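Chemist: coordinates only, sequence not included:
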């Protein structure tokens, strides 16, 4: 085992020996790293500023389309021609207001699927000269195959994808202008209605990209995440074949911020950032332009002896930091434990005093975490029946509520509520021990029938189940089986405390009428009391007469 004191001593001796070796190399390495760092910073700065500008441009278009989509889907109240015509006027007014506030809009449109209406087609507005939007005759789309996404891309692709999407550059219908567009499908009660979209002039985006020019011959271009070009200042990407529409080859190397590659025989380096619309902004420059001037090398070598002494001091500080880092990690872990958070990492595992302390702390934390987990498990179980208690039932309802509010689709479930009839009679006439047997028998009967459902004791004589999955589909059969099981138990049992007299109520979650899981439980509780009243009315609650005590 090596102590910290030994490590520091060995480090100091090693530094004295190494210092003489690195003096002769320090100056050249220092210059090269400094120049490389500066060039990297410049590329990143240009990339970040370009990304900010383009994101603002693309986000304004995207937000406008999404807001219009939300408006028209909320405004739709029917698909009759008169309803659609009124709806179109509302959409026209709102879309015009949004388009006027959005930077760089060339055209905006809202087109209705011909399968929905052959009369109400939608609208299309253009601003080709910057003097304001004018309504343009809409394109006849009835002649196109809606399943062919290579044609009429602004309509067929969002219809096919079923979600808002940015499209690659294309020539817009009738106007013969190259554009990019953001389009979103419109749905009403699950039915595809049409497409809302905004087209922006390709040249506007190009001018934003062309404004990024690092060094003498550097430039910026747009591509997808695989490197396929969207825009290049020196290439007409629309005329390239699919296998040629790349500048950065697949074999290029990089570290997540920079990419090094060879293009047209020249070594290049590019920084990149992913834009908000999924495109990638690349800022590239020849490596030769980023290399610094080596003219001060001799002077730096003369000064390197002084620099070595400074670097040696800095290295000692750095290495000491590495030694003390485990102590800082232990301090941070202790603060996490104080906040009742036991999920932390203590990676240090050295064969020294700190290593032993770290391992001991990890063991202690793991033991405390297991102990707390065991205590939490006991909190949510009923001591008498060994099923989950009311606290666990509340948590289960909260989980269902989260699925109702934020799930991809409405959950399928039902809640059953049970009440043990005449528990007070058993307790009064036979004692609480027999009352406990009566409760356990009732709970066991519920668990045996609804064996795939979580069972909860939510009151002194009340139980609940949450029915899901296969049991949800088979719920009626399970209820019949429960009634039959109860009848068999009551027929075969002589002692009243071994019989089972239970009122029940089941409520199925209906997303059209129910907004909360608690509401479903309350409805089941109401149905249970209705069942209890009905059974009392017809004499179906019938404990056997008291036996001699």
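Modeler: Looks like it came in fine. Treat the numbers as computed from the prediction; the structure is a model and nothing was measured. Numbers count the residues shown, from 1 in each chain.
Chemist: how much space between residue 65 and residue 59?
Modeler: In this view, residue 65 and residue 59 are 11 Å apart by CB to CB, to the nearest Å. Every C-beta, even on glycine, is put in place using the N, C-alpha and C of the backbone.
Chemist: ok, the two, which is more surrounded?
Modeler: residue 65 (24 against 14; other CB atoms under 10 Å).
Chemist: wait, that one sits on residue 181?
Modeler: No - checked against CB atoms under 8 Å, the pair residue 65 and residue 181 is beyond contact range at 9.0 Å.
Chemist: shared neighbours of these two, anything?
Modeler: Common contacts of residue 65 and residue 181, defined by CB atoms under 8 Å, 6 or more residues apart in numbering, comprise 197, 198.
Chemist: thinking again about what came up before, who touches both of residue 65 and residue 59?
Modeler: Counting by CB under 8 Å, 6+ apart, residue 65 and residue 59 have no common neighbour.
Chemist: buried ones in stretch 484-499?
Modeler: 486, 489, 490, 496, 497, 499 (16 or more other CB atoms under 10 Å).
Chemist: quick one: it to chain centroid distance?
Modeler: Distance, stretch centre to chain centre, for stretch 484-499: 52 Å (CA atoms, centre = their mean, to the nearest Å).
Chemist: and it, average pLDDT?
Modeler: Averaged across stretch 484-499, pLDDT comes to 89.
Chemist: distance between the ends of it?
Modeler: With CA to CA, to the nearest Å as the measure, stretch 484-499 spans 13 Å from end to end.
Chemist: before we move on, what about stretch 89-108?
Modeler: Terminal residues of stretch 89-108 lie 15 Å apart, using CA to CA.
Chemist: same question for stretch 450-460.
Modeler: Start-to-end span of stretch 450-460 (CA to CA) is 20 Å.
Chemist: can you give me how far that stretch is from the chain middle?
Modeler: For stretch 450-460, the distance to the chain centre is 33 Å (CA atoms, centre = their mean).
Chemist: buried sites along it?
Modeler: For stretch 450-460, burial by neighbour count (16+ other CB under 10 Å) applies to 450, 453, 454, 455, 456, 457, 458.
Chemist: go on, stretch 250-268?
Modeler: 252, 259, 261, 268.
Chemist: in the host helix or strand of residue 534, what's buried?
Modeler: For residue 534, the host element (DSSP states H and E) is helix 517-537. By 16+ other CB under 10 Å, the buried positions in helix 517-537 come out as 517, 519, 520, 521, 523, 524, 525, 527, 528, 531, 532, 535.
Chemist: run through who's touching stretch 121-128.
Modeler: 88, 91-92, 95-96, 99, 105-112, 114, 133-139, 175, 177, 194.
Chemist: which ChimeraX command selects the buried ones in those residues?
Modeler: Selection command for ChimeraX covering only the buried members of these, criterion 16+ other CB under 10 Å:
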select :88,91,95,99,105,106,107,108,109,110,111,112,114,133,136,138,139,177,194
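Chemist: narrow the contacts of stretch 121-128 to those in helices?
Modeler: 88, 91, 92, 95, 96, 99 (DSSP state H).
Chemist: which ones are touching the nearest residue to residue 489 once chain neighbours are set aside?
Modeler: Closest residue to residue 489 apart from its sequence neighbours, by CB to CB, 6 or more residues apart in numbering: residue 500 at 4.9 Å. With contacts defined as CB under 8 Å, 6+ apart, the neighbours of residue 500 are 420, 438, 441, 442, 445, 486, 489, 490.
Chemist: pLDDT at the fifth one, what is it?
Modeler: The reference is to residue 445. Listed pLDDT for residue 445 reads 93.
Chemist: which SSE is it in?
Modeler: Per DSSP H and E, residue 445 falls inside helix 432-449.
Chemist: what sits up against that helix?
Modeler: Identification of contacts with helix 432-449 by CB under 8 Å, 6+ apart yields 384-385, 387, 418, 420, 423, 426-427, 455, 457, 461, 463, 465, 478, 481-482, 485-486, 489, 495-500, 502.
Chemist: and with 7 Å instead?
Modeler: 384-385, 387, 418, 420, 423, 426-427, 455, 457, 461, 463, 465, 478, 481-482, 485-486, 489, 497-498, 500, 502 (CB atoms under 7 Å, 6 or more residues apart in numbering).
Chemist: for that helix, which positions count as buried?
Modeler: Buried residues in helix 432-449, counting neighbours by 16+ other CB under 10 Å, are found at 434-439, 441-447, 449.
Chemist: do stretch 410-418 as well
Modeler: Residues 411, 413, 414, 415, 416, 417, 418 are the ones in stretch 410-418 that count as buried (16+ other CB under 10 Å).
Chemist: which SS class is the first one?
Modeler: Per DSSP: H, G, I helix; E, B strand; the rest coil, the local secondary structure of residue 411 is coil.
Chemist: mind listing what it touches?
Modeler: Contacts were defined as CB under 7 Å, 6+ apart; by that measure residue 411 touches 400, 403, 404, 509.
Chemist: list just the nearest of those residues to residue 18.
Modeler: Comparing the contacts of residue 411 against residue 18 with CB to CB places residue 403 closest, at 62.0 Å.
Chemist: report the rounded mean pLDDT for the strand or helix carrying that closest one.
Modeler: Assigned by DSSP H and E, residue 403 belongs to helix 390-406. The pLDDT scores in helix 390-406 average 92.
Chemist: partners of the helix or strand just after it, with directions?
Modeler: Next in sequence after helix 390-406, counting helices and strands by DSSP H and E, comes strand 414-420. Paired with strand 414-420 in the same sheet, following DSSP bridges, are strand 462-467 (antiparallel), strand 502-508 (antiparallel).
Chemist: which parts of the first one are buried?
Modeler: Neighbour counts over strand 462-467 (16+ other CB under 10 Å) mark 462, 463, 464, 465, 466, 467 as buried.
Chemist: what's the angle between the helix holding residue 403 and helix 517-537?
Modeler: Here helix 390-406 points in a direction 120 degrees away from that of helix 517-537 (axes from the mean of the first three to the mean of the last three CA atoms, to 10 degrees).
Chemist: what's in contact with helix 390-406?
Modeler: Contacts for helix 390-406 (CB under 7 Å, 6+ apart): 379-380, 410-411, 413, 454, 456, 458, 464, 466, 516-518, 521.
Chemist: how about stretch 465-483?
Modeler: Applying CB under 7 Å, 6+ apart, the contact partners of stretch 465-483 are 396, 412-416, 446, 449-450, 452-455, 506.
Chemist: so which bits of it are buried?
Modeler: With burial defined by 16+ other CB under 10 Å, the residues of stretch 465-483 counted as buried are 465, 466, 467, 468, 471, 472, 475, 478, 479, 482.
Chemist: try stretch 392-409
Modeler: By neighbour count on 16+ other CB under 10 Å, the buried set for stretch 392-409 is 392, 393, 396, 397, 400, 401, 404.
Chemist: columns distance to residue 230 on top of the residues you listed, output as JSON lines?
Modeler: Putting the buried residues of stretch 392-409 into JSON lines (distance: CB to CB, whole Å) gives the following:
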{"residue": "392", "distance to residue 230": "53"}
{"residue": "393", "distance to residue 230": "54"}
{"residue": "396", "distance to residue 230": "49"}
{"residue": "397", "distance to residue 230": "49"}
{"residue": "400", "distance to residue 230": "45"}
{"residue": "401", "distance to residue 230": "44"}
{"residue": "404", "distance to residue 230": "41"}
